[in-house]
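1. no sequence on this one, just coordinates:
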């Protein structure tokens, strides 16, 4: 029997589990970002991110990465508030070559995280990020990191990512 239906629903399913529509974009902020407001550009749906890179090329590729300021510490703190309580099962992180972070700490339901707080507060989760060589050859590849334990990631009103331990003196 011939296979006759369209596979357009695959992208709809991806969007169904995407939290991007619940993000309060006007309140997203990042400490130590190179360009103020650039943090919003990395919070796009994975499928669109890949197609933007392939359709537009290198020009948009550089805007889809969050870079730290050139002078000083490369660490970044990204705060993402939601319009309603959400369940976060995993996060998708895309690196930028060899200058990407080696680790990320996640803090849940805290709007007061800064560089002093990350030294004292235990995170809800810490992930060691894969080496860039584990990503696919094509630009825009990312890895999904399941969040364990699941408990802290239920009823989430905000999540804060602390990217640190950068590879090769990186900033992205």
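-> In hand now; what should we look at? In this text, all values refer to a predicted model and were calculated from it rather than measured experimentally.

2. for the rest of this, base every contact and every neighbour count on C-alpha atoms.
-> OK.

3. helices along this structure, start to end?
-> 9-16, 46-56, 58-61, 117-120 (DSSP state H).

4. mean confidence for the third one?
-> For helix 58-61, the mean pLDDT works out to 45.

5. now the first one
-> Averaged across helix 9-16, the pLDDT comes to 44.

6. buried residues in stretch 116-133?
-> 123, 124, 125, 126, 129, 130, 132 (16 or more other Cα atoms under 10 Å).

7. how about stretch 153-171?
-> So, applying 16+ other Cα under 10 Å, buried residues of stretch 153-171: 153, 156-167, 170-171.

8. taking those residues one by one, which sit in strands?
-> 156, 157, 158, 159, 160, 161, 162, 163, 164, 165, 166 (DSSP state E).

9. let me have those residues in JSON lines, adding pLDDT and distance to residue 80 as columns.
-> Listed next are these as JSON lines, based on pLDDT from 0 to 100; distance: Cα to Cα, whole Å:
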{"residue": "156", "pLDDT": "96", "distance to residue 80": "10"}
{"residue": "157", "pLDDT": "97", "distance to residue 80": "9"}
{"residue": "158", "pLDDT": "98", "distance to residue 80": "6"}
{"residue": "159", "pLDDT": "97", "distance to residue 80": "5"}
{"residue": "160", "pLDDT": "97", "distance to residue 80": "6"}
{"residue": "161", "pLDDT": "95", "distance to residue 80": "8"}
{"residue": "162", "pLDDT": "95", "distance to residue 80": "11"}
{"residue": "163", "pLDDT": "92", "distance to residue 80": "14"}
{"residue": "164", "pLDDT": "88", "distance to residue 80": "17"}
{"residue": "165", "pLDDT": "81", "distance to residue 80": "21"}
{"residue": "166", "pLDDT": "75", "distance to residue 80": "21"}
